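Student: what shape does this take:
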Amino acid sequence: TFKAPLTGEGTLALSDDTIIDLSYIAETVQLAPAAGGTIRTLPALTKKVPLVAPASGTVTIELLTTDGIPAGSAFTLFTGTGLTVFDAERFAVTVPGQSDVRGTVSITGDGSFIFTVTESDTPAATLLWRPTSAEEAGSWSTEVTAWIDAATSGRTPFLGFSNATFDGTESVHSDTVAVDADVNVGTLTVTGEQNYTLTGTGRLLGKGKITKDGSGTLTLDGPSLTDQTEIEIKGGTVVLGTNLTANALGTAGTNMTITITDGGQLDLNYPYDTGADATRSTFTANKTFRIEGAGPDGEGAIVNRGGGTSWCCQLGRVELTGDTTFGGISRVEFRTGTVASITNRPYLKGPRYMVTSKVVPVGGSYGLFFSSADVDVATLFVDENAAVGCEGTPYFNVPGGIVLGDGGHFDAYGNTVTASEGTAFMTV
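Tutor: As a prediction, this is how the structure comes out:
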């Protein structure tokens, strides 16, 4: 068993009976384990580990945790491995003491090593947020008994891989809850009338769904959603905070779907006046949005109330499931940005549905903005004093017409705008 700090650069070749504890290995050291060898790691370690797969046989990865792991859990165990998708068969993951846990290994295009649990005898617990003091209410901790098990009504710290529910009925409430350490979470549900702001430098790990319901506001202002693949906004507003990091909604290759149903709202909240902030301008561009409605206040399913006049969090793929409104006071932008995984043109698609722009921009921020995007909707209505702007080579297929309300305007800004034969401009 190898347990000694190892730093520097180079390759460490391992015999078939060697056990490596990754806590002691620097991220610059490449590991070349032989078939029959073992690598030990923690679920939340998620460190860069350059790996060389054996030519034959398998290497065992031991996932060290005392938490029960329910089926459906997924872990990004290593990043930057240098492995290919074909190397996955050379590795097997076991959980010591939990022989019922079985799963699959996959390698992503960027070399991330993912273990997905397909079978387990452990059900996921549902834990309700019930802090009893202001100190507890201000921190999502895995050490403090600020939760109640919905099945047993017993108090408990947050158990790894549990389903977390913030329902606004706790007796001691804090608008701000800090996530300062990595948390393995199943699903996350925020409902009710209370407002919550999640801050901190930790990560919410796991592929479980995030659901926002109820009239309150959820502000994401710190913890990264590393592995989640689905966010559903059914009620109230989700605000993207100003402290989010570049990978706050997953890395560039993350396949995430954000669904907004009628009554839900996403506030892009882009505050900058000059230049493009790369951290915040592109981290929504590689997500798929499925949206409808005008939000809880009638102003839009997607709004930008940040007040900035520069590039905003960019939208790349938006599919309509009903008539939809965009609003706010700053640019709502369709652009592919600089995300390498996006190769196709951005689009707004919903041939049966009407789109309304209520974006009344401040300081010339262009309103609802299409940069070389494809727009395929039934009707595009530009509301009173609202704006639609264009850049590059956008294409419009709007058989019901582009309709300008009183004071509404459509600006090409000298760019080449093309449209289908049935697309016409009208005023009301």
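
Student: can I assume Thr145 is in contact with Leu159?
Tutor: No. Look at Thr145 against Leu159 with CB atoms under 8 Å: they stay out of range, at 10.8 Å. All C-beta spots, glycine's among them, are computed from the backbone N, C-alpha and C.

Student: show me where the protein has helices.
Tutor: 134-137, 278-281 (DSSP state H).

Student: pull out the buried positions in the first one.
Tutor: Under the neighbour-count criterion of 16 or more other CB atoms under 10 Å, helix 134-137 has 136-137 buried.

Student: and for stretch 191-206?
Tutor: For stretch 191-206, by 16+ other CB under 10 Å, it's 191-192, 194-200, 202-206.

Student: now swap in stretch 76-91 and tell me
Tutor: By neighbour count with 16+ other CB under 10 Å, stretch 76-91 contains the buried residues 76-79, 81, 83, 87-88, 90-91.

Student: who touches that stretch?
Tutor: Here stretch 76-91 makes contact (CB atoms under 8 Å, 6 or more residues apart in numbering) with 27, 30, 35, 41, 43, 45-54, 57-61, 63, 93, 104-115, 205, 226-227.

Student: same question for stretch 136-147.
Tutor: 127-132, 155-160, 164, 170, 172-174, 176-181, 183, 198, 200.

Student: go again using 7 Å as the cut-off
Tutor: 127-131, 155-158, 172-174, 176-181, 183 (CB atoms under 7 Å, 6 or more residues apart in numbering).

Student: out of these, which are buried?
Tutor: For those, buried by 16+ other CB under 10 Å: 127-131, 156, 158, 173-174, 176-179, 181, 183.

Student: strands - which of these land there?
Tutor: 127-129, 156, 176-178, 183 (DSSP state E).

Student: who are the neighbours in contact with Ala150?
Tutor: Applying CB under 7 Å, 6+ apart to Ala150 gives the contacts 126-128.

Student: roughly how far apart are it and Ile210?
Tutor: Between Ala150 and Ile210 the computed distance is 18 Å (CB to CB, to the nearest Å).

Student: cool, and Gly322?
Tutor: In terms of CB to CB, Gly322 sits 22 Å off from Ile210.

Student: looking at those two, which is more packed in?
Tutor: Ile210 (23 against 15; other CB atoms under 10 Å).

Student: that one and Gly186 touch, don't they?
Tutor: No. In terms of CB atoms under 7 Å, Ile210 does not count as a neighbour of Gly186; the distance is 10.6 Å.

Student: what sits in contact with each of the two?
Tutor: In contact with both Ile210 and Gly186: no residue, using CB under 7 Å, 6+ apart.

Student: ok, back up a step: can you put the ones in strands among the buried ones among the contacts of stretch 136-147 in a markdown table and add distance to Gly392 and pLDDT?
Tutor: Listed next are these as a markdown table, based on distance: CB to CB, whole Å; pLDDT from 0 to 100:
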| residue | distance to Gly392 | pLDDT |
| --- | --- | --- |
| Leu127 | 48 | 96 |
| Leu128 | 49 | 97 |
| Trp129 | 46 | 98 |
| Thr156 | 54 | 91 |
| Thr176 | 40 | 97 |
| Val177 | 41 | 96 |
| Ala178 | 41 | 95 |
| Val183 | 41 | 86 |
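
Student: what's near enough to touch Ala71?
Tutor: Contacts for Ala71 were tallied using CB under 7 Å, 6+ apart; they are 117-120.

Student: leaving out sequence neighbours, find the closest residue to it.
Tutor: Sequence neighbours aside, Ser120 is the residue nearest to Ala71 in space, at 4.5 Å (criterion: CB to CB, 6 or more residues apart in numbering).

Student: check Ser357 too.
Tutor: Closest residue to Ser357 apart from its sequence neighbours, by CB to CB, 6+ apart: Leu368 at 4.1 Å.

Student: again, but for Gly392
Tutor: That would be Ser372: by CB to CB, 6+ apart, it lies 3.4 Å from Gly392.

Student: cool, thanks, talk later.
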